[in-house]
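Peer 1: What follows is a predicted protein model with its sequence.
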Amino acid sequence: MKARDKCCVPEDVCDNRRRTLLKSATGVAAMGLAGGLALGMPGLSFAAALGKLERDRLTPDQIIEEFKRGNQRFRSGNMHPHDYLAQKRASAAGQYPAAAILSCIDSRAPAEIILDSGIGYTFNARVAGNIVNDDLLGSLEFACAAAGAKLVVVMGHTACGAIKGAIDGVRLGNLTGLLDKIRPAVAATPCTGERTGRNAAFVDAVARTNVRLTIEEIRRRSEILAGLEKAGKIKVVGSMYQLVGGRVDFFS
């Protein structure tokens, strides 16, 4: 007996039923996709770049919460299926990132990936040891005062080579001056054990202190960013990325 004969109904009725089922399945799939899109920032689709209206109605705290959700997706292996070509096209005429992230150059700590972000979502400044200088301050001022970002995140990470270099007094060309900017964090970090780069706990403690001092330096050296933060228009926060486990912890 042919498959069609098993229907026990006329052929046109079978075809109509099949078309109805197909439409229903398509509708369910579409609703599932829409439900997935609704999990992110309000009104934000991960298939396209962040728009001005979506960005402007977000608060700094909402952006932090979205970063936390993105990091959880990264750690669980359930990252959004970004359409990077769509994001590229959507952001070609203009960009409206929600945050500016100052992070380390370390190849294992790409902020956009570990926060499950996309093209057009964040400004990203990377330098060994996530230190701040005049050029980086100017970049952060552009991101917030000129382009409208609501959040500045300073992101350190565990097992940081720049931190180890600063602790151990490494001298190497232009790197020497960069590491000198980290040395105040070394001096400011208490430790009951060995104060060398071989002590992983001390390295990570210095990295956290370095994030805190960088935040203080941003507020001290940039009247623009300090003023925006006092007015409640932006927030400046710190974070630490755990190379083992992948968790990002945020702190003020």
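Peer 2: That came in fine, so what should we check first? Numbering: from 1, shown residues only.
Peer 1: all contacts plus neighbour counts: C-alpha atoms, from now on.
Peer 2: Fine.
Peer 1: tell me, how many neighbours does residue 50 end up with?
Peer 2: 25 (other C-alpha atoms under 10 Å).
Peer 1: could you pull out the helices for the stretch 51-200 of the chain?
Peer 2: Ranges of helices within the stretch 51-200 of the chain are 52-56, 60-76, 84-91, 111-114, 134-141, 161-167, 175-180, 183-188, 200-221, based on DSSP state H, counting those that start in this stretch.
Peer 1: list the helices and strands the second one packs on?
Peer 2: Under the contact criterion of 3 or more C-alpha pairs under 8 Å, 6 or more residues apart in numbering; DSSP states H and E, the helices and strands touching helix 60-76 comprise helix 111-114.
Peer 1: Pull the distance from the helix it packs on to the chain's centre.
Peer 2: 5 Å (C-alpha atoms, centre = their mean, to the nearest Å).
Peer 1: That one: which residues count as buried?
Peer 2: Of the residues in helix 111-114, 111, 112, 114 count as buried by neighbour count, 16 or more other C-alpha atoms under 10 Å.
Peer 1: same check, this time on stretch 85-103
Peer 2: Buried residues in stretch 85-103 (16+ other C-alpha under 10 Å): 87, 90, 91, 95, 96, 97, 98, 99, 100, 101, 102, 103.
Peer 1: thinking again about what came up before, I'd like the helices of the stretch 51-200 of the chain as CSV, with distance to residue 149 and mean pLDDT appended.
Peer 2: Formatted as CSV, the helices of the stretch 51-200 of the chain follow (distance: least, C-alpha to C-alpha, whole Å; pLDDT from 0 to 100):
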stretch, distance to residue 149, mean pLDDT
helix 52-56, 8, 93
helix 60-76, 9, 97
helix 84-91, 15, 90
helix 111-114, 15, 96
helix 134-141, 9, 98
helix 161-167, 28, 98
helix 175-180, 27, 98
helix 183-188, 28, 98
helix 200-221, 16, 98
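Peer 1: Next, format those helices as a markdown table and append distance to residue 148.
Peer 2: Listed next are the helices of the stretch 51-200 of the chain as a markdown table, based on distance: least, C-alpha to C-alpha, whole Å:
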| stretch | distance to residue 148 |
| --- | --- |
| helix 52-56 | 8 |
| helix 60-76 | 12 |
| helix 84-91 | 15 |
| helix 111-114 | 19 |
| helix 134-141 | 10 |
| helix 161-167 | 31 |
| helix 175-180 | 29 |
| helix 183-188 | 31 |
| helix 200-221 | 17 |
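Peer 1: Tell me which of those helices sits nearest to residue 233.
Peer 2: Checking the helices of the stretch 51-200 of the chain against residue 233 by C-alpha to C-alpha gives helix 60-76 as the closest, at 8.2 Å.
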